[in-house]
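In: Predicted model and sequence follow; I will ask about them next.
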Amino acid sequence: MSQLASPLLGMLAADPRADGGQRRVTLGADTIRIDRCLLGIRMRLALPVRAYRGVSLQVVEGARGPYYRVALDHADPELSVTLAEDRDPESLVAEWRGWAKFFHLPRLALDADAGCVAVDGRLGELVLGLTRQRRRGWPLRDRRSRISALRKPPKTRRHVVHRDEREIICYE
């Protein structure tokens, strides 16, 4: 993995399995680094941003009522990174959009019933994905060279047929 070129933000996050119950998360433009100590063993994970599914907004039921959380969502819940938490959803919407734009990831809404729902990149019920890369070159490239493919076919002699005329054949 590449080193974290320009760290944007370093923060402490809660981690129930780590020693001391905390881990250090460093955010960069293209890499997320997670440092933690587990049973006395130091661990450092450096994950590319493209390993994350998107920036999610979810409602979390807390002891003092519901609150909202903006997080980098990963398929493995232990690798998800909480970016912001607040009781007011309007204050987090701008932050949600900003983080999604910064990381070039889709915005996701996490629902308890439906799971993960993509907010960006939708055309009606159709979820738009990444475009495929165009196939370059000529499909018969391996069989014929490009020069021979551009060459014009040879001109064939056209036999001229004259109507109502006789052919004279002489064997002398």
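Out: Okay, I see it.
In: Helix or strand next in line after the lengthiest helix in the chain, which one?
Out: Secondary structure assigned by DSSP state H gives helix 89-103 as the longest helix of the chain. Downstream of helix 89-103, the first helix or strand assigned by DSSP states H and E is strand 107-111.
In: Next, the angle strand 107-111 makes with the helix or strand L57 falls within.
Out: Secondary structure from DSSP H and E places L57 in strand 54-62. Here strand 54-62 runs at an angle of 30 degrees relative to strand 107-111 (axes from the mean of the first three to the mean of the last three Cα atoms, to 10 degrees).
In: State the paired neighbours of the helix or strand following strand 54-62 in the sheet, together with their directions.
Out: For strand 54-62, the succeeding helix or strand toward the C-terminus, using DSSP H and E, is strand 65-73. The strands beside strand 65-73 in its sheet (DSSP bridges) come out as strand 54-62 (antiparallel), strand 81-86 (antiparallel).
In: In TSV, list the ones you listed along with mean pLDDT, mean neighbour count and distance to I32.
Out: From N, CA and C alone the C-beta is placed, and that goes for glycine too. Listed next are the strands paired with strand 65-73 as TSV, based on pLDDT from 0 to 100; neighbours: other Cβ atoms under 10 Å; distance: least, Cβ to Cβ, whole Å:
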stretch	mean pLDDT	mean neighbour count	distance to I32
strand 54-62	83	17	12
strand 81-86	86	16	6
